[in-house]
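Engineer: coords please:
(chains A, B, C and D)
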2 protein chains.
Amino acid sequence: MSTPLDKALLKRNEGLSVNTSSEQFGGRDSLTRRISDDIRRRILVKEWAPGEKIHSESELSTTYKVSRVTVRTALKTLEYQGLVDIRHGSGTYVNDFGRAIPTGLNELRSMSETISELGYEPGMEYKIADVRPATDLEREKLQLDAPELVLYLERAVLADGKAVAFSYDTINISSLPEQVVEEMKRGSVFASLDTINSRPIRALAEVDAVIDKNIGWGSQRPNDDLFLLLQQVHYAGDGEPLMYSRTYFMKGRFQFLILRTR
Amino acid sequence: MSTPLDKALLKRNEGLSVNTSSEQFGGRDSLTRRISDDIRRRILVKEWAPGEKIHSESELSTTYKVSRVTVRTALKTLEYQGLVDIRHGSGTYVNDFGRAIPTGLNELRSMSETISELGYEPGMEYKIADVRPATDLEREKLQLDAPELVLYLERAVLADGKAVAFSYDTINISSLPEQVVEEMKRGSVFASLDTINSRPIRALAEVDAVIDKNIGWGSQRPNDDLFLLLQQVHYAGDGEPLMYSRTYFMKGRFQFLILRTR
DNA sequence: TAGTCAATAGTTGTCCTACAACTAGTGGAT
DNA sequence: ATCCACTAGTTGTAGGACAACTATTGACTA
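Structural biologist: Numbers count the residues shown, from 1 in each chain, chains lettered A, B, ... in the order given. As a prediction, this is how the structure comes out:
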């Protein structure tokens, strides 16, 4: 399965966590991607303090045993994500984002991943997990012709046991093995999709403010019926719609921080 | 003022709009930045149709008379912004974003710029434009010690004459010439800041849903008091806070589309 | 002493060339 | 009609070189 270069690189870089992370994801990620992910990880575990200058591109390129081009591209990615600031002639500095990490809506991450990066313990509370025929709206969003079956989930998203959002998800199961569907009724949707190598690689999302008294449940539900709605459709690598998802965030429980740059 | 290389590049690339745009902004932008801006422009004016493959990196590098590295970096930027999809071994394709351009909250653009890119005629309707002492909140956000004077603006943001948002802005004028302040009371804040070379280069923004019956005015104001709030502080290159800004978007008038990728 | 300025080492930006890895199509063999 | 090797074209990575910029040092000057 592996190509010659892959093997060579794995050999050259053995012992570095870049590969571990790649293998962990069953990874066919590019080298740049792996380096970028690893430096991101090192920043988030505070290997460098905010405001501090990280290693130079040359230094990183020798320690990672990759070319400077690769390191530069990786750093550019992190700069775009708002994690670092690259200054011509000076160096690359870790940005100072108080306690909160810029959520980076542009990067496709699962809620659990994001919550975990923010330093909380992620969790999910299932209310509904049913296989049922798709509604008209769902058929349109998921580009289904016939009235096919979909997996419908209603869940509360937890951070350290506290509900921060309510999530309504519809998953296109037309090309999924039954066992995977059963898995999704309990565990992480993204993880399940990953096992059969059809992890979503992009999503078209829309942000909106809504008042809706039919959303949410339980005692933690806001009584002004006010939510920040993130509505999105996830797509697989071949462009196939995988999931139509509406996440209703409760005010004050989750901070949508965005670092905007020129 | 210009360095030798700048002159050489200007000479080599003369006739290309990359320089025009740079000069227009009094530009000290990097070469990559100029190329990226120009390709972005060409995509937005539909030089290539959505889904279509644009010129190869080699081809672009020869027409722009820059190295392939520079073109690659520029294209990477556009990929982050969600405008193109770069496929290994195949080419770079223009993404298909219906009528709406992914607003790209990560890129720092003025409202007028964004509206203009979306194909509407931008406008501003002034309600208040006053110089007055800063409030406690404003002093905190703008990191002002003494009770200094600030420029306070209340405006309606227009697209094709229709109000899409209400904007409440506080500008730090402690280091601005009086004439520039006068300009801002009527024209674009960003353009005025640009004339004295202190254009903001980054902003820390927070998105939230709010109900507030004190926001907005006029007949177009929503009667459910519901807004999507974009609250942000703009910073200059030296880290100095320039402006504290709250923009209240009206539901349905402005689409916050985000293309999320892995 | 305080301030200015030239020199310098270190870092990012751009260039060039070369090759690896991948994609999509072509055309022949079965 | 199907499969498969081949090929041309494209993006990904490598390595070395120099330009441009930054921050610091230290000599010089007022």
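
Engineer: Show me chain A divided up by domain.
Structural biologist: Annotated domains of chain A cover A:4-94, A:111-250 [automatic domain parsing].

Engineer: how about the last one, does it get close to chain B?
Structural biologist: Yes - where contact is defined by C-beta under 8 Å from any C-beta of the partner chain, part of domain A:111-250 touches chain B, namely A:199-211, A:224, A:226-229, A:232, A:249. (Glycine included, C-beta is placed from N, CA and C.)

Engineer: which among these end up buried?
Structural biologist: Among these, the ones that count as buried by 16 or more other C-beta atoms under 10 Å in any protein chain shown are A:199-210, A:226-229, A:232, A:249.

Engineer: how distant is the strand or helix carrying residue A:247 from the center of its chain?
Structural biologist: Per DSSP states H and E: residue A:247 is located in strand A:241-250. Counting by C-alpha atoms, centre = their mean, to the nearest Å, strand A:241-250 is centred 13 Å from the centre of its parent chain.

Engineer: Kindly spell out which helices and strands sit in contact with it.
Structural biologist: helix A:136-141, strand A:162-172, strand A:226-235 (3 or more C-beta pairs under 8 Å, 6 or more residues apart in numbering or on different chains; DSSP states H and E).

Engineer: on that earlier part again, mind checking which of the residues of domain A:111-250 next to chain B are in strands?
Structural biologist: Among these, the members found in strands (DSSP state E) are A:202-211, A:226-229, A:232, A:249.

Engineer: circling back to that earlier point, near DNA strand D, from the buried ones among the residues of domain A:111-250 next to chain B?
Structural biologist: Residues of those in contact with DNA strand D (C-beta under 7 Å from any atom of the strand): none.

Engineer: Flag every buried residue along stretch A:160-175.
Structural biologist: A:163, A:164, A:165, A:166, A:167, A:168, A:169, A:170, A:171, A:172, A:173.

Engineer: Distance to DNA strand C and pLDDT for those - can I get that in TSV?
Structural biologist: Shown next, in TSV, are those (distance: C-beta to the nearest atom of the strand, whole Å; pLDDT from 0 to 100):
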residue	distance to DNA strand C	pLDDT
A:163	41	93
A:164	36	93
A:165	35	94
A:166	38	96
A:167	32	95
A:168	34	97
A:169	29	96
A:170	29	96
A:171	26	95
A:172	23	92
A:173	26	90
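
Engineer: wait, which of these is closest to chain B?
Structural biologist: residue A:165 (12.1 Å; C-beta to the nearest C-beta).

Engineer: and that closest one, how far is that from residue A:64?
Structural biologist: 37 Å (C-beta to C-beta, to the nearest Å).

Engineer: Name all residues that make contact with the residue of the stretch 101-250 of chain A found nearest DNA strand D.
Structural biologist: Nearest residue of the stretch 101-250 of chain A to DNA strand D, counting by C-beta to the nearest atom of the strand: residue A:201, 13.1 Å away. Applying C-beta atoms under 8 Å, 6 or more residues apart in numbering or on different chains, we find residue A:201 in contact with A:108, A:235, A:236, A:237, B:261, B:262.

Engineer: where does the stretch 51-200 of chain A dip in pLDDT?
Structural biologist: The model of the stretch 51-200 of chain A has pLDDT under 70 over residues A:98-104.

Engineer: What parts of it come near DNA strand D?
Structural biologist: Taking C-beta under 7 Å from any atom of the strand as the measure of proximity, the stretch 51-200 of chain A contacts DNA strand D at A:66, A:67, A:68, A:69, A:70, A:73, A:87, A:88, A:89, A:90.

Engineer: tell me the average confidence for stretch A:210-224?
Structural biologist: Regarding stretch A:210-224, the rounded mean pLDDT is 93.

Engineer: how close does residue A:41 get to residue B:93?
Structural biologist: 30 Å.

Engineer: ok, and the residue positioned nearest the centre of chain A, which helix or strand is that part of?
Structural biologist: Closest residue to the average C-alpha location of chain A: residue A:109 at 0.6 Å, with C-alpha atoms, centre = their mean. Under the criterion DSSP H and E, no helix or strand holds residue A:109.

Engineer: so how many other residues sit close to residue A:223?
Structural biologist: For residue A:223, the neighbour count with other C-beta atoms under 10 Å in any protein chain shown is 6.

Engineer: where along the stretch 1-150 of chain A do the helices fall?
Structural biologist: Assigned by DSSP state H, counting those that start in this stretch, the helices in the stretch 1-150 of chain A fall at A:4-12, A:17-24, A:31-44, A:57-63, A:68-80, A:111-117, A:136-141.

Engineer: Redo those helices as TSV? Include distance to residue B:57 and mean neighbour count.
Structural biologist: Listed next are these as TSV, based on distance: least, C-beta to C-beta, whole Å; neighbours: other C-beta atoms under 10 Å in any protein chain shown:
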stretch	distance to residue B:57	mean neighbour count
helix A:4-12	20	12
helix A:17-24	26	16
helix A:31-44	15	20
helix A:57-63	21	14
helix A:68-80	13	20
helix A:111-117	32	18
helix A:136-141	35	14
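
Engineer: Can you say which of these is nearest to residue A:219?
Structural biologist: helix A:111-117 (20.6 Å; C-beta to C-beta).

Engineer: number of nearby residues for residue A:237?
Structural biologist: With other C-beta under 10 Å as criterion, residue A:237 counts 12.

Engineer: Please tell me how far the closest residue to it other than its chain neighbours sits from DNA strand C.
Structural biologist: Nearest residue to residue A:237, sequence neighbours excluded (C-beta to C-beta, 6 or more residues apart in numbering or on different chains): residue A:201, at 5.1 Å. Residue A:201 sits 12 Å away from DNA strand C, taking C-beta to the nearest atom of the strand, to the nearest Å as the criterion.

Engineer: Distance-wise, check residue A:201 relative to residue B:200.
Structural biologist: Residue A:201 is 33 Å from residue B:200, by C-beta to C-beta.

Engineer: cool, residue A:39 as well?
Structural biologist: For residue A:39 relative to residue B:200 (C-beta to C-beta), the value is 27 Å.

Engineer: Tell me what the residue in chain A that chain B sits nearest to is bridged to.
Structural biologist: The nearest approach of chain A to chain B comes at residue A:209, 3.5 Å away (C-beta to the nearest C-beta). Note on residue A:209: beta-bridge partners by DSSP bridges are residue A:228.

Engineer: show me the contacts for it.
Structural biologist: A:226, A:227, A:228, A:229, B:209, B:210, B:226, B:227, B:228, B:229, B:249, B:251.

Engineer: ok, which of the residues you listed also contact DNA strand C?
Structural biologist: Near DNA strand C, judged by C-beta under 7 Å from any atom of the strand, there are no entries from these.
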